[in-house]
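Peer 1: need a structure here:
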Amino acid sequence: MSSHEACCGTMFWVYLLSCAGLVMFAGLMSGLTLGLMSLSLVDLEVLAKAGTPQDRRNAARILPVVTNQHLLLCTLLIGNSLAMEALPIFLDSLLPSFGAILISVTLILAFGEIMPQAICTRYGLSMGAKAAPIVRVLLVVFFPVAYPISKLLDWLLGKGHVALMRRAELKTLVDMHGDAEHWR
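Peer 2: This next block holds a predicted model:
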């Protein structure tokens, strides 16, 4: 049985702030995993060349980060896993084990998965652009572990994912673009 920190002492606040930081970090990793991995390289290149000025800036910031998709995926998932696994360890210093597990699962589900993924689904481009410097640092930090796994994924699944459109989808896209030009 672990000893629990008394309320309001220095270590209590260190553990509590560590827990809050871990939940926020897990949320960032979870949201970025969905937000960045759902952006195709083709879409980003189109936005970088022909989007609105803000979309151009955002796409230009994101493109270098998402070029190696398997490395990005591994990096974000390693970061997310580390945060989610460390949270109960810190909570266990504040609460009984059962409470630590219950609070950990609740916090991770609400603020480490659902909220960030909902936000990054809607604002993936802008969130990804704002977080690009952090992701670059994480790519370097987790490189020794993420790189071999990403190479294994490249070998098993192939490098990169090419977005292909069927003839009907391409025709619809061209028709929609033509309709948009017609109404200007």
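Peer 1: and the longest helix belonging to the chain, which residues are buried?
Peer 2: Criterion DSSP state H: the longest helix present in the chain is helix 10-37. For helix 10-37, burial by neighbour count (16 or more other Cβ atoms under 10 Å) applies to 15-16, 18-19, 22-23, 25-37. All C-beta spots, glycine's among them, are computed from the backbone N, C-alpha and C.
Peer 1: Please report how far Gly112 lies from Phe25.
Peer 2: 9 Å (Cβ to Cβ, to the nearest Å).
Peer 1: can you list residues touching both of those two?
Peer 2: The contact sets of Gly112 and Phe25 overlap at Ala83 (Cβ atoms under 8 Å, 6 or more residues apart in numbering).
Peer 1: for the most centrally placed residue in the chain, what are its contacts?
Peer 2: Nearest residue to the geometric centre of the chain (Cα atoms, centre = their mean): Leu32, 1.7 Å. By Cβ under 8 Å, 6+ apart, Leu32 lies in contact with 76, 120, 127-128, 131, 135.
Peer 1: so what's the backbone phi/psi at the residue lying closest to Leu36 once chain neighbours are set aside?
Peer 2: Excluding the flanking residues, the one nearest Leu36 by Cβ to Cβ, 6 or more residues apart in numbering is Gly128, at 4.9 Å. Main-chain torsions, Gly128, degrees, to the nearest 10: phi -60, psi -40.
Peer 1: Surely Gly128 touches Ala60?
Peer 2: No: shown here, Gly128 and Ala60 do not form a contact pair, counting by Cβ atoms under 8 Å, at 11.5 Å.
Peer 1: Looking at the two, which is more packed in?
Peer 2: More neighbours surround Gly128 than the other of Gly128 and Ala60, with 25 against 16 (other Cβ atoms under 10 Å).
Peer 1: what separates the more buried one from Ala146, distance-wise?
Peer 2: Distance of Gly128 to Ala146, computed by Cβ to Cβ: 18 Å.
Peer 1: same deal with Val42?
Peer 2: In terms of Cβ to Cβ, Val42 sits 24 Å off from Ala146.
Peer 1: same check, this time on Met115
Peer 2: 25 Å.
Peer 1: before we move on, what about Leu63?
Peer 2: Taking Cβ to Cβ, one finds Leu63 at 19 Å from Ala146.
Peer 1: Need the overlap of contacts for Gly128 and Ala60.
Peer 2: Common neighbours of Gly128 and Ala60 (Cβ under 8 Å, 6+ apart) do not exist.
Peer 1: and stretch 141-149, C-alpha only, in CSV?
Peer 2: C-alpha atoms of stretch 141-149 as CSV (Å, rounded to 0.1, in the frame of the first residue of the first chain):
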residue,chain,number,x,y,z
VAL,A,141,13.0,12.9,-28.3
PHE,A,142,11.2,9.7,-29.2
PHE,A,143,13.2,9.0,-32.4
PRO,A,144,15.3,6.2,-30.9
VAL,A,145,12.1,4.2,-30.2
ALA,A,146,9.7,5.5,-32.8
TYR,A,147,12.0,5.3,-35.8
PRO,A,148,12.5,1.5,-35.8
ILE,A,149,8.8,0.9,-35.3
